[in-house]
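>>> Provided below are the primary sequence and the corresponding predicted coordinates.
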Amino acid sequence: MKTRITELFGIQHPIIQGGMHFVGLAEMASAVSNAGGLGIITGLTQRTPENLAKEIARCREMTDKPFGVNLTFLPAITPPDYPGFVKTIIDGGVKVVETAGNNPQKWLPALKEAGVKVIHKCTSVRHSLKAEAIGCDAVSVDGFECGGHPGEDDVPNFVLLPRAAEELKIPFVASGGVANARQLVAALALGAEGINMGTRFMATKEAPIHDNVKQAIVAASELDTRLVMRPLRNTERVLANAAVDRLLEKERALGANLKFEDIVEEVGGVYPKIMNDGEMDAGVWSCGMVVGLIHDVPTCKALIDGIMSEAEALIRQRLVGLAAS
Ligand SMILES: Cc1cc2nc3c(=O)[nH]c(=O)nc-3n(C[C@H](O)[C@H](O)[C@H](O)COP(=O)(O)O)c2cc1C
């Protein structure tokens with residue numbers, strides 16, 4: 001299937017693996033890219049530009065296909081070495097960057113000059129239009145269903161995607177809540193040029209995370225995610241667990257007085273314990289409502305091939321058939 005996104009990134013299928021903290025390592029990114037999608041290494045998980053350079057080199061040993069790097073811009077007292085990360089991406093010959101969090105404008109001239117394509121992840125039409133105006137090549141439109149940070153507007157993809165289609169000229173992919181062929185076809189019908197998946201790719205054989213996490217995803221239903229940190233205007237969708245219960249109790253008790261320090265035990269530095277050690281109640285971790293649609297742990301190739309062949313059958317048989325009747 002050819003779309004503006006496959007053409008832009010030089011990939012076979014219009015399927016992207018979104019950056020994921022402590023999941024988007026070289027094993028994950030290369031498996032998605034080898035299967036014809038676009039795999040993405042999560043920059044900040046590597047902590048330093050030196051480590052990121054090694055991870056890019058490791059990924060290149062595992063695939064000769066295009067892959068990208070995610071750069072998440074977070075408010076921080078001591079910001080990560082973003083100039084160093086950008087230089088490492090350029091020096092490492094990476095040709096796609098997925099930006100997220102704050103406006104990436106400051107980094108675009110250097111990236112564009114080096115021929116790097118930038119896809120910015122946005123949770124609203126106004127942010128998508130801003131991304132287009134500052135020169136991003138594409139947008140990942142992240143609906144309210146998404147795992148991770150859905151923003152504060154709470155617009156789900158059934159409305160957000162066609163709204164993006166009304167306004168945007170640059171291509172966009174549907175992000176958040178996507179796991180299967182039906183949804184790819186729907187996303188295309190709603191105006192997207194492909195899909196971006198996070199949670200679905202965690203439950204794959206190659207995802208370099210503890211099996212407990214994959215089994216928790218398979219066991220969960222679409223009712224099992226919670227929104228945390230709303231009072232801090234830093235909303236995150238996570239899988240329900242004991243740490244989430246504790247955090248929500250603190251939110252209730254402290255109300256408008258809640259500060260980040262109050263919940264640091266539940267959110268600070270917990271990812272290695274969950275993703276590497278499989279301690280499922282160690283803290284809160286991003287997870288989308290799409291868990292309700294995830295019932296197995298396939299290889300990335302089986303997942304992507306299945307989505308593509310079913311999508312093409314759906315278009316040819318069901319949709320063309322409906323149009324003719
Ligand atoms: C465990 C996990 C960690 C994530 N970490 C990041 C991150 O560090 N940076 C980022 O831009 N997005 C992050 N995301 C968001 C994904 O890239 C993607 O936008 C999101 O998962 C899409 O929604 P879905 O999970 O419903 O597919 C994360 C998502 C998950 C599930």
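Received the coordinates, thanks. Fair warning: this is a prediction, and the values are worked out from it, not measured in the lab.
>>> Report pLDDT for Ala243.
Per-residue confidence for Ala243 comes out at a pLDDT of 98.
>>> for the stretch 1-150 of the chain, what spans make up the strands?
If DSSP state E, counting those that start in this stretch is used as the criterion, the strands of the stretch 1-150 of the chain fall at 15-17, 39-42, 67-73, 96-101, 117-122, 138-142.
>>> So which of these is nearest Asp211?
strand 15-17 (19.2 Å; CB to CB). Glycine gets a C-beta too; all of them are placed from N, C-alpha and C.
>>> What mean pLDDT does the closest one get?
Confidence for strand 15-17, expressed as mean pLDDT, is 99.
>>> next one: stretch 34-46
Per-residue pLDDT over stretch 34-46 has a mean of 98.
>>> same question, stretch 161-181
98.
>>> Next, see if stretch 271-286 gets close to the ligand.
Yes: with CB under 6 Å from any ligand atom as the measure, stretch 271-286 is seen reaching the ligand through 285-286.
>>> Next, the buried residues of that stretch.
Of the residues in stretch 271-286, those scored as buried under the neighbour-count criterion (16 or more other CB atoms under 10 Å) are 271, 273-275, 278-280, 282-286.
>>> would you turn these into CSV with secondary structure and distance to Ala165?
As requested, those are exported to CSV (DSSP: H, G, I helix; E, B strand; the rest coil; distance: CB to CB, whole Å):
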residue, secondary structure, distance to Ala165
Tyr271, helix, 34
Lys273, helix, 41
Ile274, helix, 36
Met275, helix, 35
Gly278, coil, 41
Glu279, coil, 42
Met280, coil, 39
Ala282, coil, 40
Gly283, coil, 37
Val284, coil, 33
Trp285, coil, 32
Ser286, strand, 26
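>>> Looking at the residues you listed, which is nearest the ligand?
Ser286 (3.6 Å; CB to the nearest ligand atom).
>>> So the closest one sits against Val244, correct?
No: under the criterion of CB atoms under 8 Å, Ser286 is not in contact with Val244, lying 11.5 Å apart.
>>> Now do the shared contacts for these two.
Counting by CB atoms under 8 Å, 6 or more residues apart in numbering, the shared contacts of Ser286 and Val244 are Val238.
>>> residue in the chain nearest to the ligand?
For the chain, the residue closest to the ligand is Gly198, as judged by CB to the nearest ligand atom, at 1.9 Å.
>>> just checking, what packs against the helix or strand harbouring Val213?
Per DSSP states H and E: Val213 is located in helix 211-219. Using 3 or more CB pairs under 8 Å, 6 or more residues apart in numbering; DSSP states H and E, the elements in contact with helix 211-219 are helix 199-202.
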